[in-house]
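Peer 1: here's my sequence, what's the structure:
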Amino acid sequence: MGYVKNIGKNKFKLIADLGYRGNRRIRKTKNVEAKNEKEAMRLLILFEEEMKQNKDVYFSDIDSITLNNLYPRWKENYAKQHYSARSFHDNCTHLEKRILPIFGDMKLKDIKRVDVVFFVGDLQKKKRRLDEQEGELAPSTVHNIYKAFASIMNVAVQWNLIEESPCKNVKLPKLKYEEGTAYNAEQVKLLFERLNNRETAEKRLLVELAVVSAARQGELVALEEKHLNTENNTLLIEQALVNLTGEGIIVKETKGKRKRVVTIPSNIMNDLVTLAAVKKYQLDEAGDEREWEEHFFLFSNEFGKPYRPDSISQWWDRFMKRNPDLPRIRFHDLRHTSATLLIHAGEHPKVIQSRLGHSNITTTMNTYGHLLQETDQRASSHFDKLFGGKE
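Peer 2: From the prediction side, this is the model:
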């Protein structure tokens, strides 16, 4: 039961007793003014009732909390503070469309590891796609759905709502690292030649920058003049543009919130500086019609509105059709092309990891390990000259 404490003339501290969470007693306090202790006790009763009824402040009955009860609290008090806009959107989507329809009405304490194991297994069966297309969910999609489930259950543990997450030690399908298709040096030269002869200078620069920087297309269209360092020919890649359903284009941090600095050829830097000057003139001309006034995007229209990341892929598809003698690849494969060219040039894997913005060398090795092995074998063959024809 709660109690009141006199802390001064006509001033009291209310100590509301809200029961136990696990082995820990939960109390809330509030300072009030009252004529006497009797009035303070009346205010205490009202305060305790308010705390128990206000679900934004406190879960009154821990044992009866369901996943549906927890979800809005997780969303507002955890996810918004810990995830980027894109990750927040994706995790909420997975929970709302995949997890809550199955587990939403279950009490947290009743969700067991075996339930999660069967759920993950069911995701890997056929006809589990929400877009009604044929085929199975990609292993990466299963991983992302599981991560959303694990996130909310881990928060339940942190908030002492349950003792252990049922998502712990659940076996997931093996991820398949996409190697992608890449151009060799001769094909890149042909690509640059076609761009120079048949496309605008801006589109040519965009593709050249994609090859030399290995930046993702969302990172490319998010580049601003402030990211150019002309003294040492480097780019700061710290943000990306994403298109969120219902919100449109937004600026977010790069994948994994990892900033990186990438050195580029001086001629590309000079072209970027020239582009920035052109954009500045266009924005001055736009006047009150300017959009995105808080940003100065390099790849944008005359009003400062940045190009949508998906519009780059759409243009690239049209460019590929107009040049059928070029091997057909995706715009994203220019990133693979950049890594492949560096590997064949003998660059160190850690340098490649840094330029790609991979969180760890394992991702780089899993994606490009076969190329690194081929390069290592070629390097080893140089020592054959030292031993003549010996076997």
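Peer 1: going forward, measure contacts between C-alpha atoms and count neighbours the same way
Peer 2: OK.
Peer 1: where in the protein is pLDDT low?
Peer 2: Applying pLDDT under 70 to the chain flags the ranges 1, 20-24, 52-61, 177-180, 370, 372-391.
Peer 1: can you give the domain ranges for it?
Peer 2: 3-60, 64-158, 185-378 (automatic domain parsing).
Peer 1: which one of those lies closest to Lys174?
Peer 2: Of all those, domain 64-158 sits nearest to Lys174, with 6.7 Å by Cα to Cα.
Peer 1: how many neighbours does the residue nearest to Arg129 when sequence neighbours are not counted have?
Peer 2: Nearest non-adjacent residue to Arg129, counting by Cα to Cα, 6 or more residues apart in numbering: Leu137, 6.1 Å away. As a burial measure, Leu137 scores 17 neighbours (other Cα atoms under 10 Å).
Peer 1: next one: Gly287
Peer 2: Neighbours of Gly287 (other Cα under 10 Å): 10.
Peer 1: now Asn160
Peer 2: 15.
Peer 1: wait, is it part of a strand?
Peer 2: No - using DSSP: H, G, I helix; E, B strand; the rest coil, the assignment for Asn160 is coil, not a strand.
Peer 1: follow-up on the earlier one: quick one: the domains of the chain as TSV, columns for distance to Lys171 too.
Peer 2: Below are the domains of the chain laid out as TSV (distance: least, Cα to Cα, whole Å):
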stretch	distance to Lys171
domain 3-60	29
domain 64-158	7
domain 185-378	20
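Peer 1: which one of those lies closest to Val170?
Peer 2: Nearest of the domains of the chain (Cα to Cα): domain 64-158, 6.1 Å.
Peer 1: contacting residues around Pro349?
Peer 2: Neighbouring residues of Pro349 by Cα atoms under 8 Å, 6 or more residues apart in numbering: Ile343, Ile361, Thr364, Met365.
Peer 1: helix or strand: which one has the last one?
Peer 2: Right, the one you point to is Met365. helix 361-381 (DSSP states H and E).
Peer 1: and Glu39, helix, strand or coil?
Peer 2: From three-state DSSP, the assignment for Glu39 is helix.
Peer 1: can you count the residues close to it?
Peer 2: Neighbour tally, Glu39, other Cα under 10 Å: 12.
Peer 1: and the gap between Met41 and Asn31?
Peer 2: 12 Å (Cα to Cα, to the nearest Å).
Peer 1: neighbour count winner among these two?
Peer 2: Per other Cα under 10 Å, whichever of Met41 and Asn31 has more neighbours is Met41, with 19 against 15.
Peer 1: out of the domains of the chain, which gets nearest to Leu175?
Peer 2: If you check each of the domains of the chain against Leu175 by Cα to Cα, domain 64-158 wins as the nearest, at 5.6 Å.
Peer 1: rewinding a little: identify the contacts common to Met41 and Asn31.
Peer 2: When contacts are counted by Cα under 8 Å, 6+ apart, Met41 and Asn31 have Leu14 as shared neighbours.
Peer 1: quick one on the thing from earlier: closest to Leu130 out of the contacts of Pro349?
Peer 2: Distances from Leu130 to these, taken by Cα to Cα, are shortest for Thr364, at 30.9 Å.
Peer 1: quick check: phi and psi on the nearest residue to the closest one once chain neighbours are set aside?
Peer 2: Distances taken as Cα to Cα, 6+ apart place Gln353 nearest to Thr364, at 5.9 Å, with adjacent residues excluded. Dihedral pair for Gln353: phi -60, psi -40, per degrees, to the nearest 10.
Peer 1: ok, Gln353 touching Ile361?
Peer 2: Yes - counting by Cα atoms under 8 Å, Gln353 does reach Ile361; the two are 6.1 Å apart.
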